Structure formats: structure tokens, C-alpha cells
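from the sequence below, what's the structure:
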Amino acid sequence: MRISFKKIATSLTEFSTPVFGISWSPPESDREIVRKLIIFFEDRRALHNPCNIETPTWVIESVLEIRKKLTDTLEILYENSDISSHSRAMRAACQIVHMI
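Numbering: from 1, shown residues only. Purely as a prediction, here's the structure:
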């Protein structure tokens, strides 16, 4: 995975002189991002409760929360990441569900 200068520049946390110094916090790994996303999905009623026992308004709210989380995740992922394309597909599915 290649890191762009822009990503490195946004990760800089400190710059010091006279001798020279720099502090950098690397971006989260894809693995950690996916782990957090799965933990979030575990508690979404739209993904695990049977439709016949759910209140439609709450399911729609749950889908909108999922869509928001996927959008937030896309903001921190690299554009060419495999996870990025899968997150976009899941987010598109949330838009379709919301239109129904």
C-alpha cells in the first residue's frame, strides 16, 4: 500500500526545531477499520432481527445509521483500498432500502 504525501501531511502531529524533529501518527490499518465496522454492525437491528417483529421506523433509522457509519469509514480509507469498494456497495444498498 502506497501512502500519498497528502495523507502523511495530515498525519503529522508535531514539528520541532532547532536540531530537527517530527512526529507522525500513522493512519489506522485496514484491519482495524474493518474490526470497528463489524463491531458497529453487530448491534444494528436492521441486520439481525426478523422483519415480522420489527417496527419499520426503527429499521429505517438503523439503516440510516449504517449508511452514516459507512460514509464516515469511507472518509478515512484510501481510495484504492479493497474495503473502500465494498463499503461503497454497502452504502448504496442502504440508499436503496431507504427509498423503499
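
mind showing which ranges of this protein have poor pLDDT?
The model of the chain has pLDDT under 70 over residues 1-27, 97-100.

any buried residues in the helix or strand where I39 lies, and which?
Element membership for I39 (DSSP states H and E) is helix 30-41. For helix 30-41, burial by neighbour count (16 or more other Cβ atoms under 10 Å) applies to 33-34, 37. The way it works is simple: take the backbone N, C-alpha and C, and place the C-beta from them, glycine included.

closest one to N80 out of the residues you listed, please.
For these, the closest approach to N80 (Cβ to Cβ) belongs to I33, at 14.5 Å.

and that closest one, how far from T57?
Separation of I33 from T57 (Cβ to Cβ, to the nearest Å) stands at 30 Å.

ok, now M90?
From M90 over to T57 the distance is 22 Å, taken as Cβ to Cβ.

more neighbours: which of the two?
M90 (15 against 8; other Cβ atoms under 10 Å).

wasn't that one part of a helix?
Yes: under DSSP: H, G, I helix; E, B strand; the rest coil, M90 sits within a helix.

where along this protein do the strands fall?
12-16, 21-24 (DSSP state E).

can you tell me which helix in the chain is longest?
Counting by DSSP state H, the longest helix found in the chain is helix 56-76.

good, we can wrap up now.
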